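K.L.:
no sequence on hand, only this structure:
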C-alpha cells in the first residue's frame, strides 16, 4: 500500500478537460508545487473548484494566468487580476458560490448525498435556476452535490498509510475535498510512522497518492 | 465564562416534555451519571433522540425502564427489552431512522440546513410520508433537520473554556449532538488548562455547561 | 468446515490489498478470520473507527473501544477514530470497498430484505440501509436456505432494506452475481450439484460456466 | 475619532462576555480594537479558527495562520482550528452571536446589498451570504452615506446579499434597529441632529426616544 508518487507519476494523472478541486484559502493551504507541475504540464480546458482564484502568481491563480482554466467554481475571485481579465476576454467562465454552500456541496458529494437545503442565497441571484423547497414553512435552496475527477490538497504531515493532519488555517477546504474526488493527491511536508489516532483529520481511505515535499520553497 | 455546574443545577434544567439528545452507541459514550440524575429527577414525557435504546440498565435504557420516555427516535432498539415491552404496552412510540440518516439529520440542524437528500431508505418503508427529489435522474429522500431542547454528551477531557475531546469509539454521536440543541451539557472526566488547538473535536462555542466527573464509577 | 465457515472463507477471497471493508454483525464478522495473509485490509466499524485489530485479552479491554456489535476490540496501526457523521459519510459516500451483510431474503434484482421479520419486534435497521446503498460492492453472506426454505428469491417478499444494491451472494452452496440481465450462478461448492442449487433457489439462475468454489 | 472609529467603538458595545463574533473585512475589523476590557469575546475567522489573537510581530508570523482577509494573525488561549465545513456549520447553524459587516445598501426591512457594484467586476460573495443568514445578530457597520448618497434605503436597489436578516445598523451618525414595524432610530451621535439623520436616510425612520450614542 505504498501511496508515494513522484513528479512524473503526478503529471501522468493530469488530463485536458479534467475537473480539479484544489484546497486552500487565498492560497494558504494550496499545494503550490502541484500547481507548478500543472503549469509545467500545461494541461488545458480545466474546470477548477477552489474557494477563490488565488493571487496572480500564487495558488491556482497561476493556472488562470497561464490560460489553462475554462471554468472556475469559487466563492471569491477578487484577489487575482487575471481572473477578471480572462472573464472579460471570454476565455474563463466563473460560477460564484457562497463559501458555506461551496463547502456543503463538496461535502454532500463526499458523503453520498444528492444535495442539501440551505437558507443561504434565498432571495438573491444565487437562487436563479434552483429549486426552492419549504420545510416547516421556511424556504430553502436545494443545492446539489459537487465532485471532481481530481482533488489536490496540502497536508502538514502524513503517515505511511496516508492519514493526514493539517497546519492551522491551512486546513480550510482540504479535508472536505479529500472526500469528494475520484482521485485524491495530497502534498505532504512531513512523513511519519504513526499519527495519534484521535487527532487524524483525514483518514487514509480518502487518500490515493502522496507527494512528499520536504523543503517547502514558497 | 465558568461553565461548570453541579448536580442540582443540572436537575434544574430538566423539564417534563423536553426533547433530549443523548450521545452514545450501545451506551458507550453515554453520560451515565446524567442519565442517573434524570431518573432521580423523574422528569416525564420525554422525547429522546439517541442512536439506540441502550440496555435495560445502561444508557438511556434506564429512562425507558422507568417509564419516563414518550417517544424515542433511534436507529436500533433491540438490546433493551423494556423498549419493546413499553411499545406493546402503548406507552412508548418509536421512530426508527437509518443510522447514517439520523447522524445527518442532527448535523443538518446544527449546521443550519433545512434538510438533505439521501439515497438511504429509497424504496423502503423509510420512504413513507417523505418527499422524493430527483437530482440528475437519481431519486433521493428528503430528510429534514432534527434538533433538541437539550443535548447530553460525554467527553473524555474538557479545558476551562469547554473545548472537548473524546475517547476512542465513545466519540460516536457526541460531537454532532453538541451542535444541535438549544442547551448542550457535557459530562467530562478530565478538566485541563489547555488542549491542543489542532485536536479539539468540539469547539467550546457549542458547549453551554460542564459536569465534572473525576471518578468514573461505571 | 461448517456452512458459516465455508461462506466466510469464500467471501474473504473477494478482498484486495488496501480495501476498506465493513462487516455486518453475525456471520459476516467471521470473514475477518480468513483474510489472506499477503494483503492488508482495513475493517471499519460504523460506530467510529477504521482499523479493527485483534480481539483484546481480558486485561487489555478498554470499555470505550468497541465495534458496532458492542464487542470489545482493538485498533491496529494506521487506524483512527471518528464520529458517526464521518463514519456514515465514508459509508454513504462510496468509500467502503466491500460490505458483507446477512439477509432474510435477497433477490435476483439485487434487492435485500434483512430488517423486518413479520410478527416479531422490529429492532431497527441500524446502519444496514446506509451500508447497502453506499458501499462499492455489497456481498450478501447467508446460508442458502432458512429451515429448508429458499432465501434467494425472484423478488423479495419482506420489507426491503435496499432496492437493487446487492452485487454478490455467497452461500455454503454457491456464489452468485447480480447483473443487469439477472442472477448468474458463478460457482458451486464441490459437494453441491447445480440441480441442488437450482432446487434450493427461488429465483431463475443464469448458468454458463460454473466453477468450483475455492474454500 | 473619525467616522470609522466612531462606528467601530459603538458596535463594540454590543458585545457580551462569552460571545462568538465574526467581523467582516474592512471597517468591521476595527471593532476588535474596542472590546471592553471586562469581557472575554472570541472572534471567529471563517477560513478556520475561533480565537483570533493579537496581530503577530514580524518575527512571529506563521504563513499558515491567517484570517479570512489573508492577514497574518495569532491564536489566543482557548482557540482552535477547524475546516471550512465546520466553520460554516458554526456560521449557518446560528452559533455566531454577532456578525458585523459592511454594506453598499441596507434597507428598512433588514435586507442587505453588499456584493455587486453595478458596472464593476463582481469579486464574489465569499462567506457574507452565509454570515448574514446564519448569525444570531447581524450588525451593519457603515458610513451613513456614500459620497453624500444615502446607503440606508426603504428598499435596496442593488442585488441582495440577504433578505430581511439585518438586526442593527450603526453609522457615524446613528444607531438604528430593524423591527417588524420598520426601522427605529435608537441613538444619534451628539454632533448629529435628528433632522440631519432623517435627511441623510432614504428610509422612513420610526422615532420615539432617541438616546445619545456613547462612543
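P.N.:
All right, it came through fine. Note that the structure is a prediction, hence the values are computed from the model and not measured.

K.L.:
dump the residue contacts of residue A:130.
P.N.:
Applying CB atoms under 8 Å, 6 or more residues apart in numbering or on different chains to residue A:130 gives the contacts A:141, A:142, A:143. Quick note: C-beta positions are derived from backbone N, CA and C, even for glycine.

K.L.:
need the phi and psi values for it.
P.N.:
phi -110, psi 150 (degrees, to the nearest 10).

K.L.:
quick one: the helix ranked longest in chain A to helix B:99-110, angle?
P.N.:
In chain A, taking DSSP state H as the definition, the longest helix is helix A:99-110. Relative orientation of helix A:99-110 and helix B:99-110, computed by axes from the mean of the first three to the mean of the last three CA atoms, to 10 degrees: 180 degrees.

K.L.:
on contacts alone, who are the packing partners of helix A:99-110?
P.N.:
Counting contacts by 3 or more CB pairs under 8 Å, 6 or more residues apart in numbering or on different chains; DSSP states H and E, helix A:99-110 is packed against strand A:115-118, strand A:138-144, helix A:174-177, helix D:84-92, helix D:128-134.

K.L.:
which helices and strands does the first one pack with?
P.N.:
Under the contact criterion of 3+ CB pairs under 8 Å, 6+ apart, the helices and strands touching strand A:115-118 comprise helix A:99-110, strand A:138-144, strand B:115-118.

K.L.:
interface residues of chain A facing chain B?
P.N.:
By CB under 8 Å from any CB of the partner chain, the part of chain A that sits against chain B consists of A:104, A:108, A:111-119, A:131, A:133, A:135-136, A:138, A:140, A:142, A:144-145, A:165-166, A:168, A:196, A:198-199.

K.L.:
change it to 10 Å
P.N.:
A:100, A:103-104, A:107-108, A:111-120, A:131, A:133-136, A:138-145, A:156, A:165-168, A:171, A:196-201 (CB under 10 Å from any CB of the partner chain).

K.L.:
remind me which residues of chain A are low pLDDT?
P.N.:
Within chain A, the stretches with pLDDT under 70 are A:1, A:214-218.

K.L.:
how about a cut-off of 50?
P.N.:
Within chain A, the segments meeting pLDDT under 50 span A:216-218.

K.L.:
chain C contacts on that one?
P.N.:
By CB under 10 Å from any CB, the residues of chain A that approach chain C are A:1-3, A:107-113, A:145, A:147, A:159-163, A:175-176, A:179-180, A:182, A:193-206, A:208.

K.L.:
ok, of those residues, which come out buried?
P.N.:
For the residues of chain A next to chain C, a burial check counting by 16 or more other CB atoms under 10 Å in any protein chain shown picks out A:3, A:107-113, A:145, A:147, A:159-163, A:175-176, A:179-180, A:195, A:197-206, A:208.

K.L.:
of the residues you listed, which belong to strands?
P.N.:
residue A:159 (DSSP state E).

K.L.:
now do the same for the spatially closest residue to residue C:186 that is not a sequence neighbour: helix, strand or coil?
P.N.:
In this structure, residue C:186 finds its nearest non-sequential neighbour in residue C:175, 4.9 Å apart by CB to CB, 6 or more residues apart in numbering or on different chains. State at residue C:175, reduced to three classes by DSSP: H, G, I helix; E, B strand; the rest coil: strand.

K.L.:
at which residues are the helices of the chain located?
P.N.:
The chain I'm using is chain A. A:7-12, A:32-41, A:61-65, A:81-89, A:99-110, A:174-177.

K.L.:
sorry, I should have been clearer: chain C.
P.N.:
Applying DSSP H to chain C gives helices spanning C:3-12, C:84-92, C:128-134, C:194-199.

K.L.:
now the ones you listed in a markdown table, with distance to chain B, mean neighbour count and mean pLDDT?
P.N.:
Shown next, in a markdown table, are these (distance: least, CB to the nearest CB, whole Å; neighbours: other CB atoms under 10 Å in any protein chain shown; pLDDT from 0 to 100):
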| stretch | distance to chain B | mean neighbour count | mean pLDDT |
| --- | --- | --- | --- |
| helix C:3-12 | 21 | 21 | 98 |
| helix C:84-92 | 3 | 27 | 98 |
| helix C:128-134 | 3 | 28 | 98 |
| helix C:194-199 | 28 | 14 | 97 |
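
K.L.:
for the ones you listed, which one sits closest to chain D?
P.N.:
For the helices of chain C, proximity to chain D was assessed by CB to the nearest CB; helix C:84-92 is nearest, at 10.1 Å.

K.L.:
near chain A at all, that closest one?
P.N.:
Yes: applying CB under 10 Å from any CB, one finds helix C:84-92 in contact with chain A at C:85, C:86, C:87, C:88, C:89, C:90, C:91, C:92.

K.L.:
what's the nearest residue to the fourth one if we skip its chain neighbours?
P.N.:
The shortest distance from residue C:88 to any non-neighbouring residue, by CB to CB, 6+ apart, is to residue B:100 (3.1 Å).

K.L.:
doesn't residue C:85 make contact with that neighbour?
P.N.:
Yes: under the criterion of CB atoms under 10 Å, residue B:100 makes contact with residue C:85 at 8.5 Å.

K.L.:
what do the two both touch?
P.N.:
residue A:111 (CB atoms under 10 Å, 6 or more residues apart in numbering or on different chains).

K.L.:
who does residue A:186 form a beta bridge with?
P.N.:
Taking DSSP bridges as the rule, residue A:186 bridges to residue A:153, residue A:210.
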